[in-house]
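Engineer: the sequence and its predicted three-dimensional model are supplied below.
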Amino acid sequence: MILTGVSIVGFLDPSKGMFISESGFRNALYMIDIGQNDIARSFSLGNSYSQTVKLIPQFISEIKTSIKRLYDEGGRRFWIHNTGPLGCLPQKLSMAQRKDLDQHGCLASYNAAAKLFNQMLDHMCEKLRIELRDATIIYIDIYAIKYSLIANSKGYGFERPLMACCGYGGSPYNYNSKITCSHRGANVCDKGSRFVSWDGIHYTETANAIVAMKVLSMQYSKPKAPFDFFCRR
């Protein structure tokens with residue numbers, strides 16, 4: 001799992017021999033983006049959908065424990081992203097043996113697992129807001145933002161929403177696990193081409209810019225709060 005703390009550097013206090021001061025730890029914003037690797041690993045091990053979703057409560061429990069540990073150390077500001085549509089990644093689409101595709105060409109079982117994880121993560125955030133009353137916990141619906149790039153790809157100007165820009169093999173996914181973007185032989189899409197996926201796993205700069213814009217719009221926040229809310233406190 002990935003827990004990423006941001007806005008910490010500005011609170012370093014070298015004069016006291018501390019990597020971060022007590023007030024810095026309290027005022028830092030902890031951005032947590034979690035879940036995709038855990039779900040992906042389960043499917044990659046050959047687990048079925050039902051086997052994968054049985055693991056989700058354990059994932060959520062570990063996330064909750066980690067957040068409470070940060071809280072106990074003084075952390076009070078949490079910006080929590082749910083997980084994106086795993087089943088729309090070219091890597092997963094090219095490697096999945098069973099192609100249970102939805103109307104937009106994504107793996108339905110993978111996305112169903114992601115959505116169940118997100119429901120449980122949202123519920124966990126609601127409970128933590130009650131338990132940790134002096135903490136600010138913002139939940140961001142990254143799934144809705146990223147899936148919209150696939151479902152409404154033409155409206156965004158994306159030509160091949162399920163195809164990697166950098167990879168090997170051509171249409172439909174341009175992904176080969178033996179010749180990935182960093183390997184000799186991989187090709188890159190033409191400059192100016194509109195792709196959602198860069199290398200089959202990560203998003204392109206263009207797609208990420210749209211995601212960032214939507215995150216900062218506060219329309220996908222729960223509760224709805226602009227990003228600079230944390231800066232004013």
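Structural biologist: Nice, I can see it.
Engineer: contacts, neighbours, all on C-alpha from now
Structural biologist: Fine.
Engineer: so where do the strands sit in this structure?
Structural biologist: Listed in chain order, the strands of the chain (DSSP state E) span 3-6, 29-33, 77-81, 136-140, 160-164, 166-167, 187-188, 195-197, 221-222.
Engineer: all helices for this protein, in order.
Structural biologist: Taking DSSP state H to define them, one finds helices in the chain at 22-27, 36-44, 49-53, 56-72, 90-95, 108-131, 142-151, 153-156, 205-216.
Engineer: pipe those helices into TSV and attach distance to residue 101 and mean neighbour count per row.
Structural biologist: As requested, those are exported to TSV (distance: least, Cα to Cα, whole Å; neighbours: other Cα atoms under 10 Å):
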stretch	distance to residue 101	mean neighbour count
helix 22-27	44	18
helix 36-44	15	17
helix 49-53	14	15
helix 56-72	22	16
helix 90-95	9	22
helix 108-131	5	18
helix 142-151	13	19
helix 153-156	17	14
helix 205-216	22	15
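Engineer: comparing these by mean pLDDT, which bottoms out?
Structural biologist: Sorting the helices of the chain by mean pLDDT places helix 22-27 lowest, at a mean of 79.
Engineer: shouldn't residue 142 be in contact with residue 80?
Structural biologist: No. Applying Cα atoms under 8 Å as the test, residue 142 and residue 80 come out as separate, 9.6 Å apart.
Engineer: do you know which of the strands of the chain lies nearest residue 122?
Structural biologist: When the strands of the chain are compared by Cα to Cα, strand 136-140 sits nearest residue 122, at 6.8 Å.
Engineer: rewinding a little: out of the helices of the chain, which gets nearest to residue 167?
Structural biologist: Short answer: helix 90-95, nearest of the helices of the chain by Cα to Cα, at 9.9 Å.
Engineer: if we can go back for a sec, could the strands of the chain be laid out in CSV, adding mean neighbour count?
Structural biologist: Putting those into CSV (neighbours: other Cα atoms under 10 Å) gives the following:
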stretch, mean neighbour count
strand 3-6, 14
strand 29-33, 20
strand 77-81, 22
strand 136-140, 22
strand 160-164, 26
strand 166-167, 26
strand 187-188, 18
strand 195-197, 27
strand 221-222, 18
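Engineer: check these for me: which has the lowest mean pLDDT.
Structural biologist: Per-stretch mean pLDDT for the strands of the chain is lowest at strand 3-6 (a mean of 39).
Engineer: what residue is smack in the middle of this structure?
Structural biologist: Central residue of the chain (Cα atoms, centre = their mean): residue 83, 4.3 Å from the mean position.
Engineer: check contacts around that one.
Structural biologist: If a contact means Cα atoms under 8 Å, 6 or more residues apart in numbering, then residue 83 has 33-36, 114, 117-118, 141-143 as its contacts.
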